[in-house]
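J.: Could you look at this predicted model? Sequence included:
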Amino acid sequence: MFTTLFMSFVLFADPVPVVESITAPLQFSVTHDGDGGDVVSGRLYIMLTKGKIPLIGGPNWFNAEPFYSLDVENWAKDTPLIVSENARNMSGPPSSIGEGPWKAVAVLRRNPDSCKIASEGGLYGPGVLFDGNGQNAGTVGLEIDSPVPERDWKLHKNLRLIETKSDLLSAFYGREINHGACVIVPDDYDPEREEPYPVMYWIGGFGSDHYGGRYMKMMYTASYYDDQVCRVILNAQSYGGHHVFADSENNGPRMTALIEEFIPFLEEKYNLGGSEEKRYISGHSSGGWASLWLLIQNPDFFSGVWSLAPDPIDFRYFQNADLYVEDGNAYFDEDGNPKPIARMGENPVLFAPDFYAMDDTIVDGGQMGSFEWVFSPKGEDGRPQKMCNRETGAVIPHVVEHWKQYDIRKVLEDNWDELSPKLSGKINIIAGGLDTFYLEEPVIQLGEFFKDKKFDAMVRVIEGGDHGAVFRAKVIVEMDEWFARKLGLVNNQAPVVGPEPATSK
């Protein structure tokens, strides 16, 4: 889910121009210099901070500062665009901000395939420092004059960055859409060897993509079988957020394209997998949900799954909200108190009304909107329908009815007789007992369900563990030990002193 927060990679250096205070309500006057075209369209964001440098990649979920968004169409160069009460906001218009000094920066988002505010194809400008508050700061001028830099990829002997056209997704979107992955190969990798390499497919969390291959390679060095198993880091990022490789009305045939197009392409090109027993799948957070979903939808395709801290796999426990209860509410409990949506240890630090408001200011690419892009029906306006009323938090029953087909616990229960024989011994799920985003309860409940059914699965909760506690070197080792036992691989590395990684059922 929230594994990778939006982080800035386009910054401005101090000092910045200072705007003299004028006794008038704050508004922004924004122009662009035509570097991205004499006439541009997209979504304009104004990001504010009291910190050293504004983040223009998106708000900090745990310490969000004011920001604003406005859709613009056919915006001509050198034409001032006023952003004030007309902009979307999460905590009030510019006229309501507190005392500064503030720094502001403008970003124009134009990339239709990225959930990042500052992404390739977009534009941004220098930061401006201004004093005062929302009632007396006056008009602050901002300029957009630079393209967001392209992603940088440095060659590495063990990494293969691959992007290739998807015919299925391109047909759905009416424009070219690419699959993306980073393939991690051993030092002595031989693409021509007779026996295909065993392969693990990895799906990262919200905000991550295949450019994280370098970090993942470092993580996998903990495995005793890193010299025998290839890894594929899949890109699950889309405009609406994380598409979790689920076929949906809004994101298109993401699972079908992966299973029928991309994996066969990868396995032929890099001499990987080729059969159920030689491939398994894993992921963390949103990727944890995606990996479990892909297995239960394709039980004969993968030898198993390791799902780490998955997003809600039971919608009766959707981050402290029961979406199925009569008069359900995503914002408030029965006493009218806002529901916590994130915590540090046992202390709530983020609440649903604020988080949904932040999400709706981003519009597309926020976490809650990401769920709706996957689970919701398409509305008459061509956009995903909202799961809850954004003013009251009231759950919208007909939308949740559509969500049910993506409720992993419900899918398992409704298809138990068919699925259980195919999934026996294949499911491994780990969650932290104090998951940062309250994701442990659905895992606990699924574990109890498996226990009642006497079903062969490993479900474990790490006492006191947070959202990141499940993705550690010990778990990497355990995952590969499990895969190696299935394949009969031999550990060619020096034995490690200490007990074998623990497993449980």
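T.: Perfect, thanks for sending it.

J.: which residues of the stretch 101-250 of the chain fall in strands?
T.: Applying DSSP state E, counting those that start in this stretch to the stretch 101-250 of the chain gives strands spanning 102-109, 123-124, 128-130, 139-144, 146-147, 159-165, 178-184, 199-203, 230-234, 237-238, 241-242, 247-248.

J.: Switch these over to a markdown table; also include distance to Phe332, mean pLDDT and mean neighbour count.
T.: In short, each C-beta sits where N, CA and C put it, glycine included. As requested, the strands of the stretch 101-250 of the chain are exported to a markdown table (distance: least, CB to CB, whole Å; pLDDT from 0 to 100; neighbours: other CB atoms under 10 Å):
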| stretch | distance to Phe332 | mean pLDDT | mean neighbour count |
| --- | --- | --- | --- |
| strand 102-109 | 32 | 96 | 27 |
| strand 123-124 | 37 | 95 | 26 |
| strand 128-130 | 36 | 95 | 20 |
| strand 139-144 | 36 | 96 | 20 |
| strand 146-147 | 43 | 94 | 16 |
| strand 159-165 | 44 | 97 | 15 |
| strand 178-184 | 40 | 98 | 22 |
| strand 199-203 | 33 | 98 | 26 |
| strand 230-234 | 37 | 98 | 26 |
| strand 237-238 | 31 | 96 | 26 |
| strand 241-242 | 24 | 96 | 29 |
| strand 247-248 | 28 | 98 | 20 |
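
J.: Just give the nearest non-adjacent residue to Glu150, would you?
T.: Leaving aside its sequence neighbours, Glu150 sits nearest to Glu120 (CB to CB, 6 or more residues apart in numbering; 5.4 Å).

J.: of all the strands of the stretch 101-250 of the chain, which lies closest to Val400?
T.: strand 247-248 (15.0 Å; CB to CB).

J.: Centre of the chain to the closest one, how far?
T.: On the basis of CA atoms, centre = their mean, to the nearest Å, strand 247-248 sits 16 Å off its chain's mean C-alpha point.

J.: Backbone dihedrals for the residue positioned nearest the centre of the chain, please?
T.: What sits nearest the mean C-alpha location of the chain, by CA atoms, centre = their mean, is Phe206, with 1.5 Å. Main-chain dihedrals, Phe206, degrees, to the nearest 10: phi -60, psi 130.

J.: That one touches Gly366, doesn't it?
T.: No - counting by CB atoms under 8 Å, Phe206 does not reach Gly366; the two are 9.4 Å apart.

J.: list residues touching both of the two?
T.: Counting by CB atoms under 8 Å, 6 or more residues apart in numbering, the contacts common to Phe206 and Gly366 are Gly241.

J.: returning to what we had before: out of the strands of the stretch 101-250 of the chain, which gets nearest to Thr221?
T.: strand 178-184 (10.3 Å).

J.: Show me what the closest one is packed up against.
T.: Strand 178-184 sits against strand 159-165, helix 213-220, strand 230-234, helix 263-270, with contacts defined as 3 or more CB pairs under 8 Å, 6 or more residues apart in numbering; DSSP states H and E.

J.: again, only this time at 6 Å
T.: strand 159-165, strand 230-234 (3 or more CB pairs under 6 Å, 6 or more residues apart in numbering; DSSP states H and E).

J.: could the ones you listed be laid out in TSV, adding distance to Trp482?
T.: Shown next, in TSV, are these (distance: least, CB to CB, whole Å):
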stretch	distance to Trp482
strand 159-165	25
strand 230-234	15
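
J.: Those strands: which one's closest to Pro353?
T.: strand 230-234 (33.5 Å).

J.: Would you list the strands that that closest one pairs with, along with their directions?
T.: The strands that strand 230-234 pairs with in its sheet are strand 178-184 (antiparallel), strand 199-203 (parallel) (by DSSP bridges).

J.: Contacts only, for Trp306.
T.: 282, 428, 479 (CB atoms under 6 Å, 6 or more residues apart in numbering).

J.: Helices - which of these land there?
T.: Among the contacts of Trp306, the ones falling in helices (DSSP state H) are Met479.

J.: Got a PyMOL select line for the buried ones in the contacts of Trp306?
T.: Buried members of the contacts of Trp306, defined by 16 or more other CB atoms under 10 Å, are picked up in PyMOL with:
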select buried, resi 282+428+479
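
J.: Domain ranges for the chain, per the record?
T.: The record's domain parsing of the chain by automatic domain parsing lists 18-147, 159-314+407-487, 315-405.

J.: so where's the stretch 1-150 of the chain uncertain?
T.: For the stretch 1-150 of the chain, applying pLDDT under 70 flags the ranges 1-22, 54-57.

J.: Tell me if I'm right that Phe245 and Thr256 touch.
T.: No - between Phe245 and Thr256 there is no contact under CB atoms under 6 Å: 9.5 Å.

J.: if you count what's nearby, which of those two comes out ahead?
T.: Phe245 (27 against 16; other CB atoms under 10 Å).

J.: contacting residues for the more buried one?
T.: 254-255, 258, 290, 294.

J.: just to revisit the earlier point, wait, which of the domains of the chain is closest to Trp153?
T.: domain 159-314+407-487 (5.5 Å).

J.: Ends of the closest one, what's the gap?
T.: End-to-end distance of domain 159-314+407-487 (CA to CA, to the nearest Å): 24 Å.

J.: Same question for stretch 409-419.
T.: 12 Å.

J.: quick one: contacts of it?
T.: Here stretch 409-419 has contacts from 313-314, 404, 446, using CB under 6 Å, 6+ apart.

J.: That stretch: how far from the chain's middle?
T.: 26 Å.
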